[in-house]
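A.B. asks: need coordinates for the following:
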Amino acid sequence: MSAMPNIVPISELRQDASAIVKRASASGDPVFITQHGRASAVLVSAGSYERTQRELEILRILAQGEADIAAGDGYELDVVMAEVDELLDRS
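C.D. replies: Reported below is the predicted structural model:
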């Protein structure tokens, strides 16, 4: 992501949407769309969006795991490793 945010007024988006989409796709950087001088939307490439969604899912899973551990749910590492070893010995 570049240091300077890419800011485009909505009027420019209306006039040249194709070029703005290409710019977002090529750079991977978000394009901030403004309306009446204020940020109103953000345009990101499909790849950036999908990567962000995967990262959010990983964070959700980690947070759930931490919550489970805090609640006393889960398994001791030595028990899990013993079961893994047993499964590997069977194969």
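A.B. asks: ok, now how distant is the most centrally placed residue in the chain from Q35?
C.D. replies: By CA atoms, centre = their mean, the mean C-alpha position of the chain lies nearest to T52, the distance being 1.4 Å. In this structure, T52 and Q35 are 23 Å apart, going by CB to CB, to the nearest Å. Any C-beta I mention is one placed from the backbone N, CA and C, and that applies to glycine too.
A.B. asks: using CSV, write down the CA coordinates of the lowest-mean-pLDDT helix or strand in the chain.
C.D. replies: Least confident helix or strand, the chain: helix 77-90 with a mean of 92, by mean pLDDT, DSSP states H and E. Provided in CSV are the C-alpha atoms of helix 77-90 (Å, rounded to 0.1, in the frame of the first residue of the first chain):
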residue,chain,number,x,y,z
LEU,A,77,-1.4,-30.2,24.1
ASP,A,78,0.2,-33.4,25.5
VAL,A,79,-3.2,-35.2,25.1
VAL,A,80,-3.6,-34.0,21.5
MET,A,81,0.0,-34.9,20.6
ALA,A,82,-0.4,-38.4,22.1
GLU,A,83,-3.5,-38.9,20.0
VAL,A,84,-1.7,-37.6,16.9
ASP,A,85,1.2,-40.0,17.5
GLU,A,86,-1.3,-42.9,18.0
LEU,A,87,-3.0,-42.0,14.7
LEU,A,88,0.4,-41.8,12.9
ASP,A,89,1.5,-45.1,14.3
ARG,A,90,-1.6,-46.8,12.9
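A.B. asks: how far does it sit from the chain's center?
C.D. replies: 33 Å (CA atoms, centre = their mean, to the nearest Å).
A.B. asks: check stretch 13-33 too.
C.D. replies: Distance, centroid of stretch 13-33 to centroid of chain: 19 Å (CA atoms, centre = their mean).
A.B. asks: pull the CA atoms of that stretch into PDB?
C.D. replies: Provided in PDB are the C-alpha atoms of stretch 13-33 (Å, rounded to 0.1, in the frame of the first residue of the first chain):
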ATOM      1  CA  LEU A  13     -15.700   7.900 -10.700                       C
ATOM      2  CA  ARG A  14     -18.800   8.600 -12.800                       C
ATOM      3  CA  GLN A  15     -16.700  10.000 -15.700                       C
ATOM      4  CA  ASP A  16     -13.900   7.300 -15.700                       C
ATOM      5  CA  ALA A  17     -14.900   4.300 -13.600                       C
ATOM      6  CA  SER A  18     -13.000   1.900 -15.900                       C
ATOM      7  CA  ALA A  19      -9.700   3.600 -15.400                       C
ATOM      8  CA  ILE A  20     -10.200   4.000 -11.600                       C
ATOM      9  CA  VAL A  21     -11.100   0.300 -11.300                       C
ATOM     10  CA  LYS A  22      -8.000  -0.600 -13.300                       C
ATOM     11  CA  ARG A  23      -5.800   1.600 -11.100                       C
ATOM     12  CA  ALA A  24      -7.200  -0.100  -8.000                       C
ATOM     13  CA  SER A  25      -6.600  -3.600  -9.500                       C
ATOM     14  CA  ALA A  26      -3.100  -2.800 -10.700                       C
ATOM     15  CA  SER A  27      -1.900  -1.200  -7.500                       C
ATOM     16  CA  GLY A  28      -3.700  -3.300  -5.000                       C
ATOM     17  CA  ASP A  29      -4.300  -0.100  -3.000                       C
ATOM     18  CA  PRO A  30      -7.800   1.100  -2.000                       C
ATOM     19  CA  VAL A  31      -9.300   4.000  -3.800                       C
ATOM     20  CA  PHE A  32     -11.300   6.300  -1.400                       C
ATOM     21  CA  ILE A  33     -14.400   7.800  -3.100                       C
END
